[in-house]
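Asker: for reference, the sequence and a predicted model appear below.
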Amino acid sequence: MTDHPDWWKRSVVYQIYPRSFADSNGDGIGDLRGIIERVDYLAALGVDVIWLSPVYPSPQDDNGYDISDYQDIEPVFGNLGDFDELLTAVHDRGMRIVMDLVVNHTSDEHSWFVDSRSGPDSPRRDWYWWRPARAGMPAGAPGAEPTNWGSFFSGPAWEFDPSSGEYYLHLFSRKQPDLNWENPDVRRAVYEMMRWWLDRGVDGFRMDVINMISKDPALPDGAVTHGVLGDGSPHFQCGPRIHEFLQEMHAQVFDGRPGHLLTVGEMPGVTVDEAVLFTDPARREVDMVFQFEHVSLDSGPAGKWDLRPLRLLDLKASLGRWQAGLAERGWNSLYWDNHDQPRAVSRFGDDGRYRIESAKLLATVLHLHRGTPYIYQGEELGMTNAPFAGPDDFRDIESVNHYRTAVAAGQDPDSVLAALRLRSRDNARTPMQWDASPGAGFSTGQPWIAVNPNHVEINAAAQTGDPESVFAHYQAVIALRHAEPAVAHGDFTMLLPDDPVIYAFTRHFEATTLLVLANFSAESAAAPVPEESEWAAAELVLGNYPAGDPTSSVLLRPWEARVYRRRR
């Protein structure tokens, strides 16, 4: 591991969703010992950082993002001894571990909330957002919630507590009450917990919906654009004290520690201008943010289930805007998918005839942008969305709640199910496909969610050692980032911005220029880039078709991607 202050600019992060990665004891649920057994696989892939989705004690209402104890390990995953062993194994191989930090909310079974819920006189009552019923309405009656905000997981964002006659705020599940960051005792407790993990040896944090921790204390109603519930996001996304809170966190947790720790903030709704502020090193907030603009382009005004075709022109415009906006200050995070998104090759590529080619293309395009790339487990194999047959196949609370409420509201069940198949978070959560055995090498028991049947063809055992595999291409892309400074540090220039199928750009650093070409279609397509004749004589450093002479420097085959290099 290098201690260079911007080591993460040339690093690649790999996200593990522990429940679905590797099960060591046959109970059907992934665990820490399973991850330990697969550390050499990650080292062979070449990644630098492992982002571990939550492994803390949890009732698992939202698969671990409802935390009941921040300073222990959920028994189904193992114990702190297992975690320390994993940390050592990762560090011994020159990699790092980033923990998932979920501090916008806790579980309703966390001791903090149990105390808070015990009554209005509890010392921790103000650790969460408690409010009486709307003026003039009886507590508990429909529509009496303190605001009209909707929850991200369907229904109102307020839960009535009959024992006290008040409501508590939960932007997500009713079992995920929101912490009140206006209370300095809350912030002190969170910072103390973060220091405890850093002292244990972790290398940073991915911060879940961190731009929601600052809320307008007035909690005004939100605009109603569809349905009956309002959109409260203007009052809790990038709220009035968010920069103050993150700067305080940096000062209290990260300042003065040797080396550099990685901090990435998940920030739904963040704009380019806001991201510049969050990631400007001089402001000492976070290193980079996860933004959601590019993964919202195929959704309509009614939200993620309102499906729209994705246009490459929109994708290029969005990613290009973020590249330009953070070119002088700040830093981008780069991702196609994660535990909250469907599989990349099924969404942005072609998961049928051209699955292998398009999976490699997506890796090439993403990793050659300016920023830190994130790989979600199985992406390096070209894993696809799952063939969910019916509503009973889904496990994710967001999907289950949406199906129930949408059908109850009169929507066509088949249409609701069709949207779930394409967008459900469960697509990312089917077990990692290690081999062709009945349990895909994930477990010897019954997996907690069904294995994708295509694991017989798509699996790690079939790809490791195959120089033409998706896995081998990811190895090559990662190696290029490590070896070529232009990938990590070069500037970015979009080419052919109005071409509907070709994604083309250059990266330039010192005497080196890279040209990236990608055909996002199932037909051959020309890429008439400037200085075509010069690029025709340039070095082809990476391609996603078998080795051999390309057809032409400007004619790309279906889902073909190439990277050329010139030095002068």
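Answerer: All right, it came through fine. On a predicted model such as this, the values are computed, not experimentally measured, just so you know. Residues are numbered from 1 along each chain as shown.
Asker: for residue 453, which non-adjacent residue is closest in space?
Answerer: Spatial nearest neighbour of residue 453, excluding adjacent residues (C-beta to C-beta, 6 or more residues apart in numbering): residue 387 at 6.8 Å. Backbone N, C-alpha and C define where each C-beta goes, glycine included.
Asker: residue closest to the middle of this structure?
Answerer: In the chain, the centroid-proximal residue (C-alpha atoms, centre = their mean) is residue 338; its distance is 4.1 Å.
Asker: which residues does that one contact?
Answerer: 15, 374, 376, 428 (C-beta atoms under 8 Å, 6 or more residues apart in numbering).
Asker: so where does it fall, helix or strand?
Answerer: Using DSSP states H and E, residue 338 falls within no helix or strand.
Asker: quick check: the gap between it and residue 16.
Answerer: Distance, residue 338 to residue 16, by C-beta to C-beta, to the nearest Å: 11 Å.
Asker: please apply the same query to residue 487.
Answerer: Separation of residue 487 from residue 16 (C-beta to C-beta): 24 Å.
Asker: tell me what the nearest residue to residue 324 once chain neighbours are set aside is bridged to.
Answerer: Closest residue in space to residue 324, ignoring its immediate chain neighbours: residue 492 at 7.5 Å, by C-beta to C-beta, 6+ apart. Counting by DSSP bridges, residue 492 is bridged to residue 507.
Asker: over to the residue nearest to residue 453: give its phi and psi.
Answerer: Backbone torsions of residue 387, given as degrees, to the nearest 10, read phi -90, psi 70.
Asker: if I pick it, what's in contact with it?
Answerer: Applying C-beta under 8 Å, 6+ apart, the residues near residue 387 are 421, 452-453.
Asker: I'd like those as a markdown table, with distance to residue 44 and neighbour count appended.
Answerer: Shown next, in a markdown table, are the contacts of residue 387 (distance: C-beta to C-beta, whole Å; neighbours: other C-beta atoms under 10 Å):
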| residue | distance to residue 44 | neighbour count |
| --- | --- | --- |
| 421 | 33 | 20 |
| 452 | 23 | 21 |
| 453 | 27 | 11 |
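Asker: any idea which residue of this structure is furthest from its center?
Answerer: In the chain, the residue that sits farthest from the middle, by C-alpha atoms, centre = their mean, is residue 136; the gap is 42.2 Å.
Asker: do you know how far that one is from residue 539?
Answerer: Here the criterion is C-beta to C-beta. By it, residue 136 lies 74 Å from residue 539.
Asker: low-confidence regions, the chain specifically.
Answerer: For the chain, the stretches with pLDDT under 70 are 1-5, 548-553.
Asker: which helix runs longest in it?
Answerer: Longest helix in the chain by number of residues (criterion: DSSP state H): helix 184-200.
Asker: and the residue farthest from the centre of the chain, which of the three is it?
Answerer: At residue 136 the chain is in coil, as set by DSSP: H, G, I helix; E, B strand; the rest coil.
Asker: same check, this time on the one 5 residues further on
Answerer: At residue 141 the chain is in coil, as set by three-state DSSP.
Asker: tell me if I'm right that it and residue 133 touch.
Answerer: Yes. With contact defined as C-beta atoms under 8 Å, residue 141 counts as touching residue 133 (7.4 Å).
Asker: more neighbours: these two, which one.
Answerer: residue 133 (19 against 11; other C-beta atoms under 10 Å).
Asker: isn't residue 502 right up against residue 516?
Answerer: No. When contacts are counted by C-beta under 8 Å, residue 502 is not listed as touching residue 516 (10.6 Å).
Asker: at which residues are the helices of the stretch 351-500 of the chain located?
Answerer: Ranges of helices in the stretch 351-500 of the chain, per DSSP state H, counting those that start in this stretch, are 355-367, 397-408, 413-423, 460-463, 470-483, 485-489.
Asker: please apply the same query to the stretch 101-250 of the chain.
Answerer: Per DSSP H, counting those that start in this stretch, the stretch 101-250 of the chain carries helices over the ranges 111-117, 184-200, 242-249.
Asker: quick check: buried residues in the shortest one?
Answerer: Read it as helix 111-117. Across helix 111-117, burial judged by 16 or more other C-beta atoms under 10 Å covers 112-113, 116-117.
Asker: just list the residues touching residue 50, thanks.
Answerer: By C-beta under 8 Å, 6+ apart, the neighbours of residue 50 are 13-16, 42, 90, 95-98.
Asker: so which of those residues are in strands?
Answerer: Among these, DSSP state E puts 13-16, 96-98 in strands.
Asker: most neighbours, which of these?
Answerer: Using other C-beta under 10 Å as the neighbour test, those are led by residue 13, with 26 neighbours.
Asker: how near is it to residue 379?
Answerer: Residue 13 sits 12 Å away from residue 379, going by C-beta to C-beta.
Asker: residue 482 too?
Answerer: Distance, residue 482 to residue 379, by C-beta to C-beta: 19 Å.
Asker: which one's more surrounded, the two?
Answerer: Applying other C-beta under 10 Å to residue 482 and residue 379 shows that residue 379 carries more neighbours, namely 25 against 14.
Asker: not counting sequence-adjacent ones, nearest residue to the more buried one?
Answerer: Among residues not flanking residue 379 along the chain, residue 344 sits closest, at 5.8 Å (C-beta to C-beta, 6+ apart).
Asker: and the one you found, what is it in contact with?
Answerer: Residue 344 touches 336-337, 359, 362, 376, 379, counting by C-beta under 8 Å, 6+ apart.
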